[in-house]
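> Here is a sequence with its predicted model. Questions after.
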Amino acid sequence: MFAEALLDCGVDAVNVGMQSSRRAPLLVGHEIACLLPVEDGGAAQVRGHALGIRLGSLTVSWQRGGFVATRGHAGLGRVLTMAVCCPGIQIPQGESMPRTRSTLAFCLLGLVLMPWQAAAEVHTETVADGLEHPWAMAFLPDGHVLVTERSGDLLRIDPENGERAAIEGVPAVDARNQGGLLDIQLHPDFAANRQVYLTWSGACGAGNATHLGRGRLAGDRLRDFETLFVATPCVDSTKHFGSRIVFDGDGHLFMTVGERGERDRSQDIGDHNGSVLRLLPDGGIPADNPFVDRDDAEAAIYSYGHRNPQGAVLHPDTGALWIHEHGPRGGDEINLPEPGANFGWPKTTYGKEYWGPEIGPDQLEGTVQPIHYWVPSIAPSGMDFYTGDRFPEWRGDLFIGALALTHLARLEMDGTEVVRETQLLDDRGWRIRDVRTGPDGYLYVLTDAANGRVVRVAPGE
């Protein structure tokens, strides 16, 4: 397709094929960068700063060292031929990539056979708009949905007509940059106790911290609101709060906390930041937490070595906790927290510094590998397994919002292995902050914007 250009491109290093550890098809060269088809939602790993763009029906990531295709959505078929060569672009060779030589851009991009799937069509309906950076949602038994706005408001919204009411009695928040009113969950016995749990960034000490609290919903007010837990130490920072809440169905709750942009905190078990915490519903510490008997550790910590986990959910069949977390430039991860486990950040990561250098090796003994990761970053936020009955073809699939690459990721799973990833809503330009299965069997997403919205999503006809 670009044969003339290919003839002029000298290739210093080429490696095309599926890499181990679930990497996507890869091409790295000294004076050439090529567009390669990659399986649904994958991405070739090349060096350089990443920027998502679109060329026609193709979603493309530009990285200072080259281009990689992330997927097309116009029925490109199962055989794709594509190459864009860029003489003069310098792409440092990856340390783990075998060095081979070729005089032509034998990027082999003649015919590349791939299990290429066109993006599924979906139907969307805006339930409510005019929201100020909505962050999380929780459905009430009557079908209404509670939505947090990062600015500090909590709203009750009727999905049938978009009518809303502000809920009073929420805590004061430090709503700077990434901070504010964040996650929301209902107590598992909400029908009896009416307890609503919130996380937020709140002022404390010389800075702020991720807080957990709860109140009793009575009409349009949270009554008897109390702070249950503060992730210490307080830090003078406005980012990486984590903040997702998950009840485990066994009398505990998990709470994710980011490392506040100070990465070494993740490896310090005497610091709550950069961890998944396991608490009792009243904010107390379970007696069987992994570090409860260690004087040098915070007893609330369940797992550590996390960067900024902004998605958390229980698997509907196994009951295991699944989280995802932001990487730096590349290296977003899906992880399955284990008691006492070290997930490696920043000693090991598939991401790189924003200005280019390596941060650490891809793997490191004594740390737990992610079950899935993204290079380049999609900036994941919010996640849910679809558990509704309305769309059997989606049942059991994992849905994740993407802030940077602005789509809804559908991951089809075989146990803990991602067997196919599809990008939905990738033509909308929406930063998707949260995703939940509604009680009506539809999927709902929040778009993160000054004029954010609640959107109902269904498969296309």
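That came in fine, so what should we check first? Quick caveat, the model's predicted, so the values are computed rather than measured.
> Which strand in the chain has the most residues?
Ranked by number of residues, the top strand in the chain under DSSP state E is strand 207-218.
> and it, which residues are buried?
If you call a residue buried by 16 or more other C-beta atoms under 10 Å, then strand 207-218 has these buried ones: 208-217. Where C-beta positions appear, they are placed from N, C-alpha and C, glycine not excepted.
> Can you tell me which of those residues is nearest S303?
S303 has its nearest neighbour among the buried residues of strand 207-218 in T210, at 15.9 Å by C-beta to C-beta.
> how much space between that closest one and A341?
20 Å (C-beta to C-beta, to the nearest Å).
> who's in contact with the closest residue to E168 other than its chain neighbours?
Excluding the flanking residues, the one nearest E168 by C-beta to C-beta, 6 or more residues apart in numbering is R221, at 4.5 Å. Contact analysis of R221 by C-beta atoms under 8 Å, 6 or more residues apart in numbering lists 167-169.
> same question, Q178
Neighbouring residues of Q178 by C-beta under 8 Å, 6+ apart: 201, 238-241.
> can you rerun that using 10 Å?
Residues near Q178 by C-beta atoms under 10 Å, 6 or more residues apart in numbering: 135, 150, 201, 237-241, 243, 258, 260-261, 308, 310.
> How about R294?
269-270, 301, 340.
> quick check, S266 in a helix?
Yes. With DSSP: H, G, I helix; E, B strand; the rest coil as the criterion, S266 is part of a helix.
> quick one: the nearest residue to it once chain neighbours are set aside from T349, how far?
Of all residues not flanking S266 in the chain, G274 sits nearest, at 3.0 Å (C-beta to C-beta, 6+ apart). In this view, G274 and T349 are 13 Å apart by C-beta to C-beta.
> more crowded one of those two?
Neighbours were counted for G274 and for T349 using other C-beta atoms under 10 Å; G274 has more, 32 against 26.
> any idea how far F291 is from the spatially most central residue of the chain?
Of all residues in the chain, the one closest to the mean position by C-alpha atoms, centre = their mean is P380, 2.0 Å from it. From P380 across to F291, the span is 27 Å (C-beta to C-beta).
> Repeat that for S243.
In terms of C-beta to C-beta, S243 sits 21 Å off from F291.
> any idea how far stretch 204-221 is from the chain center?
Centroid separation between stretch 204-221 and its chain, computed with C-alpha atoms, centre = their mean, to the nearest Å, is 24 Å.
> for that stretch, what is the average pLDDT?
Per-region confidence: stretch 204-221 scores 97 on mean pLDDT.
> can I get the CA coordinates of that stretch in PDB?
Extracted in PDB, the C-alpha atoms of stretch 204-221 (Å, rounded to 0.1, in the frame of the first residue of the first chain):
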ATOM      1  CA  CYS A 204      -5.500  17.500  57.100                       C
ATOM      2  CA  GLY A 205      -2.200  18.300  58.700                       C
ATOM      3  CA  ALA A 206       0.000  20.200  56.300                       C
ATOM      4  CA  GLY A 207      -1.800  18.900  53.200                       C
ATOM      5  CA  ASN A 208      -4.700  16.500  52.500                       C
ATOM      6  CA  ALA A 209      -5.500  12.800  52.400                       C
ATOM      7  CA  THR A 210      -8.000  10.300  51.100                       C
ATOM      8  CA  HIS A 211     -10.900  10.100  53.600                       C
ATOM      9  CA  LEU A 212     -13.600   7.500  54.000                       C
ATOM     10  CA  GLY A 213     -16.900   8.300  55.700                       C
ATOM     11  CA  ARG A 214     -20.600   7.400  55.900                       C
ATOM     12  CA  GLY A 215     -24.000   8.800  56.600                       C
ATOM     13  CA  ARG A 216     -27.600   7.700  56.700                       C
ATOM     14  CA  LEU A 217     -29.700   8.700  53.700                       C
ATOM     15  CA  ALA A 218     -33.000  10.200  54.800                       C
ATOM     16  CA  GLY A 219     -34.900  12.000  52.100                       C
ATOM     17  CA  ASP A 220     -32.400  14.300  50.500                       C
ATOM     18  CA  ARG A 221     -29.900  14.500  53.400                       C
END
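> For A138, list the residues it contacts.
By C-beta under 10 Å, 6+ apart, the contact set of A138 is 144-148, 183-186, 190, 196-198, 245, 434, 436.
> at 7 Å what do you get?
145-146, 184-186 (C-beta atoms under 7 Å, 6 or more residues apart in numbering).
> now, among those residues, which is nearest to D448?
Closest to D448 out of the contacts of A138 is I184 (15.2 Å), distances taken as C-beta to C-beta.
> Can you list the neighbours in contact with the helix or strand harbouring the closest one?
Assigned by DSSP states H and E, I184 falls within strand 181-186. Under the criterion C-beta under 7 Å, 6+ apart, residues 135-138, 146, 148-150, 152, 154, 170, 173, 196-200, 241, 243-245, 247 lie in contact with strand 181-186.
> Distance across stretch 282-296, terminal residue to terminal residue?
Start and end residues of stretch 282-296 are separated by 24 Å (C-alpha to C-alpha, to the nearest Å).
> Tell me the gap between it and the middle of its chain.
28 Å.
> Stretch 286-301 too?
Centre-to-centre, stretch 286-301 and its host chain are 27 Å apart (C-alpha atoms, centre = their mean).
> Output the below-cut-off pLDDT ranges for the stretch 1-150 of the chain.
1-120 (pLDDT under 70).
> please redo it, this time with the cut-off set to 50
Scanning the stretch 1-150 of the chain for pLDDT under 50 picks out the ranges 1-118.
> still on that earlier bit, please say which of S243 and F291 ends up with more neighbours.
Neighbour comparison, S243 and F291: the larger count goes to S243, with 30 against 20 (by other C-beta under 10 Å).
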